[in-house]
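Asks: Any chance you can model this:
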Amino acid sequence: MGFPGTWMTESESVMYRVVPKCACSSIGQIMYYSDHGVFFDGDIHDSKDKLHKWAQEDSQPLIEANAKAHKSYAFTCVRNPYTRILSSFFDKICGIQRNGKRYRGNLVPLLIQKYGIEVGSPEDGFEFDQIKSFRRFLLFARDTIRWKRPMDPDIHWSAMSGHVSTFIMNGGTYDNIFFTEKFNDGMQSVLDAIETPHRVDLNTIPRFNESEGHGPKRLHPVEDYFDDMSMHLMFEIYKRDFKLFKYDFENPANKMPLGDVDLAEVHAKLGE
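Replies: Residues are numbered from 1 along each chain as shown. This is a model prediction of the structure:
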């Protein structure tokens, strides 16, 4: 299995387990900058060198040796499950991707056909009933996660605990898990704990939100998208995420965590 989704600076100053839709573009660019003093020109997910990634074959032995020996400070970042799934919907389902096409080719036509989802288009200004369509998408996301039908779950809406756990299961140890909602504080706590070839000033670093601008804007407050049935589905899919990462299941309007992540609990529960 190894360490899928794991990135490490070339200097081996720090190691990061990517969790999709949780500030991963910003974190990757900060890691890249901390080694090279410049940002990657483009989406950091497209970089092929100057940042070790498990997806790059040459990087795998280095990442594996480092993670198993816990040589570098290791961290990840999590996000409120309500806002994360909404972000996935607007970016991946409704949005036009960087290549000018719909995400995963036939995925959106499948959703329109099987679940009656509408997504709008740039031509009509993305006009559609966002709440109705999102709730139908949530049913689809549940079906993929629970029964792997009509397809396997996608990394952008599969549970965060699943992503976080692979690092632990294969011999890694986290030193820090922080919140997207408190990004500067969390990222600063990582930078304070490591030494990097180039100093990073978080106050001057741009936000690299690669999904922004590809699709419709969210028109309603978060809580409007989640009725009683939607919340039931959310708990069915993301119960572990809410509990382990201390997010407020009862109140979708509260995006902030209720407490700090208990690293010992995460390692115990996700290492089983």
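
Asks: Tell me how many other residues surround residue 170.
Replies: Other residues lying near residue 170 total 16 when counted by other Cβ atoms under 10 Å. To be clear about C-beta, it is placed using only N, CA and C from the backbone, and glycine gets the same treatment.

Asks: right, I mislabeled it, should have said residue 64
Replies: Other residues near residue 64 come to 17 when the count uses other Cβ under 10 Å.

Asks: Assess the claim that it and residue 2 are in contact.
Replies: Yes. Using Cβ atoms under 8 Å, residue 64 makes contact with residue 2 at a distance of 6.1 Å.

Asks: longest strand anywhere in this structure?
Replies: Scanning the chain for the strand with the most residues, using DSSP state E, yields strand 73-78.

Asks: The helix or strand following that strand relative to strand 73-78, how many degrees between them?
Replies: Following the chain from strand 73-78 toward its C-terminal end, the next helix or strand by DSSP states H and E is helix 81-88. For helix 81-88 and strand 73-78, the angle between their directions (axes from the mean of the first three to the mean of the last three Cα atoms, to 10 degrees) works out to 80 degrees.

Asks: where along this protein do the helices fall?
Replies: Applying DSSP state H to the chain gives helices spanning 24-36, 60-69, 81-88, 107-115, 130-147, 160-169, 183-193, 228-244, 263-270.

Asks: Check which helices and strands the first one is in contact with.
Replies: Using 3 or more Cβ pairs under 8 Å, 6 or more residues apart in numbering; DSSP states H and E as the contact definition, the elements that helix 24-36 packs against are strand 6-9, strand 14-17, strand 51-53, helix 183-193.

Asks: Looking at the ones you listed, which is nearest to residue 233?
Replies: Among the helices and strands packed on helix 24-36, the nearest to residue 233 by Cβ to Cβ is strand 14-17 (26.2 Å).

Asks: which regions of the protein sit below the pLDDT cut-off?
Replies: Residues of the chain meeting the criterion pLDDT under 70: 210-214.

Asks: Could you count how many residues lie near the nearest residue to residue 82 once chain neighbours are set aside?
Replies: Taking Cβ to Cβ, 6 or more residues apart in numbering, and ignoring the residues beside it in sequence, residue 82 has residue 252 as its nearest neighbour in space, at 4.6 Å. Counted with other Cβ under 10 Å, the neighbours of residue 252 add up to 23.

Asks: And residue 252, how far from residue 138?
Replies: 12 Å (Cβ to Cβ, to the nearest Å).

Asks: can you check residue 8 too?
Replies: Here the criterion is Cβ to Cβ. By it, residue 8 lies 34 Å from residue 138.

Asks: so who does the closest residue to residue 77 other than its chain neighbours touch?
Replies: Once its chain neighbours are removed from consideration, residue 77 has its nearest residue in residue 22; the separation is 4.8 Å (Cβ to Cβ, 6+ apart). Residues touching residue 22, when contacts are defined by Cβ atoms under 8 Å, 6 or more residues apart in numbering, comprise 76-79, 84, 160, 180.

Asks: Columns neighbour count and distance to residue 188 on top of the residues you listed, output as a markdown table?
Replies: Shown next, in a markdown table, are those (neighbours: other Cβ atoms under 10 Å; distance: Cβ to Cβ, whole Å):
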| residue | neighbour count | distance to residue 188 |
| --- | --- | --- |
| 76 | 25 | 16 |
| 77 | 26 | 13 |
| 78 | 27 | 17 |
| 79 | 24 | 18 |
| 84 | 24 | 22 |
| 160 | 24 | 22 |
| 180 | 22 | 14 |
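
Asks: any idea which of the residues you listed is closest to residue 259?
Replies: residue 78 (12.9 Å).

Asks: Excluding chain neighbours, what is closest to that closest one?
Replies: Distances taken as Cβ to Cβ, 6+ apart place residue 245 nearest to residue 78, at 4.7 Å, with adjacent residues excluded.

Asks: my read: the one you found touches residue 178, true?
Replies: No. With contact defined as Cβ under 8 Å, residue 245 and residue 178 do not form a contacting pair (10.2 Å).

Asks: shared neighbours of those two, anything?
Replies: Joint contacts of residue 245 and residue 178 (Cβ under 8 Å, 6+ apart) are 78, 261.

Asks: Could you single out the nearest of the contacts of residue 22 to residue 36?
Replies: Nearest to residue 36 among these, with distances taken as Cβ to Cβ, is residue 77, at 21.3 Å.
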